[in-house]
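Participant: What follows is a predicted structure for the sequence shown.
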Amino acid sequence: MDGHDRQHHDLAGLRIAITGGTSGLGLALVREWNARGAAVAFVARTVERVEQVARELHGVTGIVGDVANKLDIHPIALQVLGSLGGLDVLVNNASSLGPVPLALLADTPCESLEEALATNLLGPFRLTKALLGALRASAAERRGGIVLNVSSDAAVTPYPGWGAYGASKAALRHLSAIFHAELEDEGIAVLSLDPGDMDTPLHALALPDADRATLRRPEAAARELTQAIVAALGERRLQRDAEVR
Amino acid sequence: MIIAREPIQRPPDARLLAIDARGTITHWPRRDLPALLRRGDLVVANDAATLPASLAGIHVESGAPVEVRLAQRGSLDRDDVHDFLAIVFGDGDYRTATEQRPLPPTFATGDTLQLGPLRATVRRVLGHPRFIALRFTGSAQAIWRGIAKHGRPVQYAYMRPALAMWDVWTPIAGAPAAFEPPSAGFALDWHLLAELRLHGVRFATITHAAGLSSTGDPALDARLPLDEPYVIPPVTADAIAQARRRKGRIIAVGTTVVRALEAAARDAGLVTAGASLATQRIDARTRLRVVDAILSGTHEPGTSHYALLGAFAPPEWLERADRELEAHGYRTHEFGDSVLIERSADFRKRASFDRACRQPAHDRALCEEEQYERG
């Protein structure tokens, strides 16, 4: 997908929601989809940041909420579905690092692990569940029905110091795989993708001394993830066309 | 019957009373529902998510506290969220039965309601001190945010705990359209959908803005159900056509699905896809054109829901079923047990006599030709 195509609103009509949409990869994805004509709702915790992004990008819906808080889930879901009139793609991107600075597991306060699990595992689980009916309808109408959970190589490799984050992302990755197996017949795809090490606020929080020049730009990762979503949409549509025939 | 007071959508011991087309009554664990369906049948459910339609606030002119229950909007369009019809209660909350709730202050056109972050104007009082048309100010997005953050699900005095949003969304809830839960859908879960698929039973959805089930005021209740907007996706209209071709039955999950499908009915038991308004009352006088059976909660005589069941079975069958529900200790209300009522064979015969030229669509041209020739 080159820049020229992106200006051609190739995602027009697609309804996408993303959590953690005001910085790093999330913000890059919101910008990318907005530029390509999708209807976008993004969720983040800070009112000021949400308003700032909503002001900057015309036509996107900003929603204030914390996916780690179970009382926020249905109000978020309601605003997503109300504002977009349904949902084709959900991207669970909001992530918590756990203890900052990073700590060995043995030094990690239990509360920090709970916090990482609440944001990285329970939040995506709850929000996916709340939006699953809408995603089923989208799949049935052959519009979409895709959940993309943003993963990390720390979900697979046991990096010392990344215990809370790594364990929560590993659990999310497995959750995605089981969801996918269970929901395939409903036409819903649940993907787990690792965007790679990027130059984002989360990365700076984890490794403040990293050489930023060696890190990927979040915009590049955003294009790649969008490509994966577009591919999954195409696959779903082909499969369902085949079923209809 | 026993009132179900706990918000458990699918208690493991939920039960199902079935009335077949000949009036035979049988009792089942509700999880055995797929055994009562046949290959080729189509189950149609309402995928409306329930709005937190109860908005607490004040009537600005008098300073009096009010509870506004949103009851209707004109369409399901995502931007059509400014104008609602609403039922308004005075001071107090759901722990007082609606019958005993005080009236709101006397409204005048143009009065202001401050409902948390939402501000609304009274547009009209609709022939009853509790019944108004209101208009929210602000952008559609701000209204969605205000309802999401400030609204609470409509509560029931008989429930032990206050209902949370997750209590009133069915597992398949999608479009936020209902004012009270389409509670027949509580019986569905993702495991059941998989089982239906295994049995060769298809599943499809419509979205229908299920309205308030009662207001506690007989004069208002007599006006229920209000006109309700619905959307039938083209895939669902296609699934109905396919089921007809395969001689499968159309099983509606809940009264709202019956209302929407019958409102959209056209010849040969097919439906027109798209967005429209369900305006007609369905009762013993209605000849159903699309729906062959209904899965429903257990409704009490005298309600509009109960009256709708009269389109499926004669009163004596329903009365017999009531006695059985009572004798067997079934649970009633939103979180209660279920009934599956197949349209009686006599009603079906009557309906097909009405429309000799119904099934299948490709025969219709012939049939019309014949009529033309005869005419």
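Facilitator: Yep, it's here. Computed from a predicted model, the values in this text were never measured in an experiment.

Participant: Kindly report the residues of the stretch 101-250 of chain B close to chain A.
Facilitator: B:140-141, B:144-145, B:147-149, B:164-166, B:169-176, B:190, B:193-194, B:197, B:204-205, B:207, B:233-235 (C-beta under 8 Å from any C-beta of the partner chain). Where C-beta positions appear, they are placed from N, C-alpha and C, glycine not excepted.

Participant: what bits of chain A have low per-residue confidence?
Facilitator: Low-confidence segments of chain A (pLDDT under 70): A:1-7, A:238-245.

Participant: can you give me the helices for it?
Facilitator: If DSSP state H is used as the criterion, the helices of chain A fall at A:3-6, A:24-35, A:47-56, A:70-84, A:110-117, A:123-140, A:163-183, A:201-206, A:218-244.

Participant: Can you spell out which helices and strands pack onto the third one?
Facilitator: Applying 3 or more C-beta pairs under 8 Å, 6 or more residues apart in numbering or on different chains; DSSP states H and E, one finds that helix A:47-56 makes contact with strand A:39-44, strand A:61-64.

Participant: Swap in 10 Å and give it another go.
Facilitator: helix A:24-35, strand A:39-44, strand A:61-64 (3 or more C-beta pairs under 10 Å, 6 or more residues apart in numbering or on different chains; DSSP states H and E).

Participant: Bridged to the residue nearest to A:Ala54 when sequence neighbours are not counted, which residues?
Facilitator: Once flanking residues are discounted, A:Ala54 sits nearest to A:Gly62: 3.6 Å by C-beta to C-beta, 6 or more residues apart in numbering or on different chains. With DSSP bridges as the criterion, A:Gly62 is bridged to A:Phe42.

Participant: Would you agree A:Gly62 is in contact with A:Glu51?
Facilitator: Yes. Contact criterion C-beta atoms under 10 Å: A:Gly62 and A:Glu51 qualify, at 6.5 Å.

Participant: Overlap of the contact sets of the two?
Facilitator: Shared contacts of A:Gly62 and A:Glu51 (C-beta atoms under 10 Å, 6 or more residues apart in numbering or on different chains): A:Thr22.

Participant: how about B:Val257, phi and psi?
Facilitator: Main-chain torsions, B:Val257, degrees, to the nearest 10: phi -70, psi -40.

Participant: Repeat that for A:Ala210.
Facilitator: The phi/psi pair for A:Ala210 (degrees, to the nearest 10) is phi -60, psi 150.

Participant: re earlier: please dump the helices and strands packed on helix A:47-56 into a markdown table; it should also carry mean neighbour count for every row.
Facilitator: Below are those laid out as a markdown table (neighbours: other C-beta atoms under 10 Å in any protein chain shown):
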| stretch | mean neighbour count |
| --- | --- |
| helix A:24-35 | 23 |
| strand A:39-44 | 26 |
| strand A:61-64 | 23 |
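
Participant: Kindly reformat the ones you listed as JSON lines containing distance to A:Gln227.
Facilitator: Formatted as JSON lines, those follow (distance: least, C-beta to C-beta, whole Å):
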{"stretch": "helix A:24-35", "distance to A:Gln227": "10"}
{"stretch": "strand A:39-44", "distance to A:Gln227": "17"}
{"stretch": "strand A:61-64", "distance to A:Gln227": "24"}
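
Participant: between these, which gets nearest to A:Leu97?
Facilitator: helix A:24-35 (11.9 Å; C-beta to C-beta).

Participant: when you scan that closest one, is anything in it near chain B?
Facilitator: No. Using C-beta under 10 Å from any C-beta of the partner chain, helix A:24-35 stays clear of chain B, with a minimum separation of 15.3 Å.

Participant: contacting residues around the residue nearest to A:Ala54?
Facilitator: Counting by C-beta under 10 Å, 6+ apart, A:Gly62 makes contact with A:21-22, A:30, A:40-44, A:47, A:49-55, A:79, A:83, B:141, B:145.

Participant: hmm, 7 Å instead?
Facilitator: A:Phe42, A:Val50, A:Glu51, A:Val53, A:Ala54 (C-beta atoms under 7 Å, 6 or more residues apart in numbering or on different chains).
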